[in-house]
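Engineer: Predicted structure and sequence below. I'll ask about it afterward.
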Amino acid sequence: MSKIAFLVSGERMFKKIKRYIDKENIVVAETSISNALEKAKELIDKGVKVILTKFAIKIKIEDEIDIPILSIENNISDYIELLKEINVKNSKVAFVDYIEAPESLVNLAKIVSNDIVFRTFTSKEECETIVKELSKYGLGNLYDGLDYGFSISYNALVRMAIDRENNVLYIYDELYNKNLITSELIKSMDYIKQNHREIIADNARPETTEEIRRAGFKIINCEKGAGSVLDGLQKLKSFYKIIVSDKCKNTYRELTELCHEKDKNGNYLENKFTIDPHTVDAMRYGLEKYKATTFKNGEIRKPLGV
């Protein structure tokens, strides 16, 4: 009989399989995605002819391994078992995995809670970065805003995180494009779809927001009103510091170039600017539900700059 190996990630699954399987021709080995290839080669050296493992590990090692690799895919019951161990109603939950979560789970999450997000990674380093981001800022401190542009001006999606303790706004991702029909805009946003986080969009195009929502995104329209532009800018100014990622070049440019226009008497016009600030508008929309921090003296602390 050929020797078979279960290559599993996580001590919990390892112990579960080991409890029921203790036969000479079946091996149970624990691994992580980062060292799965090395572990698989060790098993082959020991005479293993078939490996059973999770789909994420299979796609990581299959190009380097000559023996058959059978995948055991996660199903929704596996995730439900994990959710049973925590109080979902009072907790913010993030599933961080090498592969996208099953669509059935994402749909269930939308019904159960607004505080369940899904993130995927391609390397150990990226996984660690995602976990640090979620741990530091908390799921409730992540914000997405979308400004529509389409044919003439730019669409701008800005993704933000807030360090409430230090009153710092981080801009860590942007999407900036134009000359797209709605279906093309949706396609360009696909990479954030699994994050299952609310996007607050420009309310000037409610039909576009609805089409994006039908495509599976959690998205609502902002609530513009009298003074909303100034209120949004004041909110941005309330941060002690705004830190922009190197990859968000358009956001950085617009924040540094933004200036009010002047009338013929040299007075600044409150709602008119020298540039069309697409990313800044997206930031205003995304932060609509965020309440600016005030300090002991009642003054809003001015930012140090971008």
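Structural biologist: Now that the structure is in, tell me what you want to look at.
Engineer: only C-alpha atoms for contact and neighbour calcs from this point on.
Structural biologist: Fine.
Engineer: Any stretches of the stretch 201-306 of the chain with poor pLDDT?
Structural biologist: 270-271, 292-306 (pLDDT under 70).
Engineer: Tell me which stretches of the protein form strands.
Structural biologist: For the chain, applying DSSP state E gives strands covering 3-9, 26-31, 48-54, 69-72, 93-97, 116-120, 142-147, 155-163, 168-177, 199-201, 219-221, 241-244, 260-262, 268-273.
Engineer: Going along the chain, name the helices of the stretch 201-306 of the chain.
Structural biologist: 206-214, 228-237, 249-257, 278-286 (DSSP state H, counting those that start in this stretch).
Engineer: Ala36 touches Ile61, doesn't it?
Structural biologist: Yes - Ala36 is within contact range of Ile61, at 7.0 Å (criterion: Cα atoms under 8 Å).
Engineer: Compare the two (neighbour count), which wins?
Structural biologist: Ala36 (21 against 18; other Cα atoms under 10 Å).
Engineer: so who does the more buried one touch?
Structural biologist: Ala36 sits next to 57, 60-61 when contact means Cα atoms under 8 Å, 6 or more residues apart in numbering.
Engineer: ok, Ala204 to Arg164 distance?
Structural biologist: 30 Å (Cα to Cα, to the nearest Å).
Engineer: for Val48, same thing?
Structural biologist: Taken as Cα to Cα, the span from Val48 to Arg164 is 52 Å.
Engineer: Compare those two (neighbour count), which wins?
Structural biologist: A count of neighbours by other Cα under 10 Å puts Val48 above the other of Val48 and Arg164, at 19 against 15.
Engineer: phi, psi of the closest residue to Ile57 other than its chain neighbours?
Structural biologist: Nearest residue to Ile57, sequence neighbours excluded (Cα to Cα, 6 or more residues apart in numbering): Ile33, at 5.8 Å. Note on Ile33: backbone dihedrals following degrees, to the nearest 10 are phi -60, psi -40.
Engineer: go on, Asp246?
Structural biologist: According to degrees, to the nearest 10, Asp246 has phi -60, psi -30.
Engineer: which parts of stretch 255-263 are buried?
Structural biologist: Using 16 or more other Cα atoms under 10 Å as the test for burial, stretch 255-263 gives 255, 259, 261.
Engineer: what does stretch 199-210 give?
Structural biologist: Neighbour-count burial for stretch 199-210 [16+ other Cα under 10 Å]: 199-203, 208-209.
Engineer: any idea which of these is the one closest to Glu103?
Structural biologist: Ile199 (19.3 Å; Cα to Cα).
Engineer: What's opposite the closest one in the beta bridge?
Structural biologist: Asp144, Ile219 (DSSP bridges).
Engineer: Could you verify my assumption that it touches Gly216?
Structural biologist: No - at 11.8 Å, Ile199 and Gly216 do not qualify as touching, with contact defined as Cα under 8 Å.
Engineer: Give me the neighbour count for the residue nearest to Ile57.
Structural biologist: Ile33 - counted by other Cα under 10 Å - has 19 other residues nearby.
Engineer: what domains does the record give for this protein?
Structural biologist: Here the domain parsing of the chain from automatic domain parsing is 3-72, 76-136, 139-286.
Engineer: Can you say which of these is packed in most?
Structural biologist: Using mean count of other Cα atoms under 10 Å, the stretch among the domains of the chain with the largest mean neighbour count is domain 139-286, at a mean of 17.
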